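In: Curious how this folds, go ahead:
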Amino acid sequence: MKARTIILVIFILLVAGFVALNVDTILQPSTLNFGFTELEAPVGLFMLGVIAVTLVLFLLLQLYHQALHMMEIKRLTKEASEQRQLADKAEASRFTELRNYLQTELQAIADRERDIADKLHARVDLLQTNLEQVMEQTGNGLSASIGELEDRVERRLPPAESDAL
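Out: Numbers count the residues shown, from 1 in each chain. Below is the predicted model of the structure:
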């Protein structure tokens with residue numbers, strides 16, 4: 001309980017105890033002067049009425065402040081929820097943006113790798129073709145050299161020895 005509530009309950013109990021102890025005196029009639037009129041009534045009962053009206057006004061004021069407080073809490077909770085939802089949407093948007101960026105970059109890298117691989121395959125094919133040409137030329141050159149050497153050897157050796165070879 002709040003301190004105000006505890007103080008109020010203690011005050012009400014004290015007044016109730018005082019009234020219970022002095023009931024005869026409180027109900028004793030007396031002349032009350034209101035400034036513009038006079039009235040014959042018990043002063044104690046009148047004072048109890050004033051205390052009761054003050055208490056009711058205090059309780060109504062307390063309920064009013066409590067209701068305002070609850071409405072403020074509800075409004076702030078709703079605002080916080082809306083802000084949380086906006087933050088979640090923004091975060092989801094950033095993740096989507098990041099995913100799209102990464103996909104674009106990965107696609108660009110894959111395209112570059114494909115281009116490099118295609119160029120490499122073309123280069124390897126060209127080198128293989130060139131190598132085959134060089135090997136063929138070398139083979140032809142060797143064949144020609146061997147043929148020339150055979151011709152020289154055949155010219156220098158007598159015909160009988162060349163058949164034995």
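
In: quick one, strands of the chain?
Out: Under the criterion DSSP state E, strands of the chain are mapped to 29-33, 38-42.

In: Now render those strands as CSV, adding mean neighbour count and mean pLDDT.
Out: C-beta here means a position set from N, CA and C on the backbone, and glycine is covered the same way. Formatted as CSV, these follow (neighbours: other CB atoms under 10 Å; pLDDT from 0 to 100):
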stretch, mean neighbour count, mean pLDDT
strand 29-33, 10, 83
strand 38-42, 11, 85
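
In: Could you dump the ones you listed into JSON lines with distance to Ala108 added?
Out: Compiled in JSON lines, the strands of the chain are given as follows (distance: least, CB to CB, whole Å):
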{"stretch": "strand 29-33", "distance to Ala108": "97"}
{"stretch": "strand 38-42", "distance to Ala108": "97"}
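
In: May I ask you to name the longest helix in the protein?
Out: helix 43-156 (DSSP state H).

In: Show me what that helix is packed up against.
Out: Identification of packing neighbours for helix 43-156 by 3 or more CB pairs under 8 Å, 6 or more residues apart in numbering; DSSP states H and E yields helix 3-21, helix 23-26, strand 29-33.

In: can you redo those as JSON lines with distance to Arg152?
Out: Below are the helices and strands packed on helix 43-156 laid out as JSON lines (distance: least, CB to CB, whole Å):
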{"stretch": "helix 3-21", "distance to Arg152": "128"}
{"stretch": "helix 23-26", "distance to Arg152": "156"}
{"stretch": "strand 29-33", "distance to Arg152": "160"}
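
In: Indicate which one of those is closest to Leu76.
Out: With CB to CB as the criterion, Leu76 lies closest to helix 3-21 of these, at 23.2 Å.

In: what sits up against stretch 24-34?
Out: The contact list for stretch 24-34 (CB atoms under 8 Å, 6 or more residues apart in numbering) reads 19, 38-48.

In: ok, those residues vs Gln66, which is closest?
Out: Leu48 (26.3 Å).

In: Neighbours of the spatially closest residue to that closest one that is not a sequence neighbour, how many?
Out: In space, and not counting its chain neighbours, Leu48 is closest to Val19: 6.4 Å by CB to CB, 6 or more residues apart in numbering. By other CB atoms under 10 Å, the residues close to Val19 number 17.
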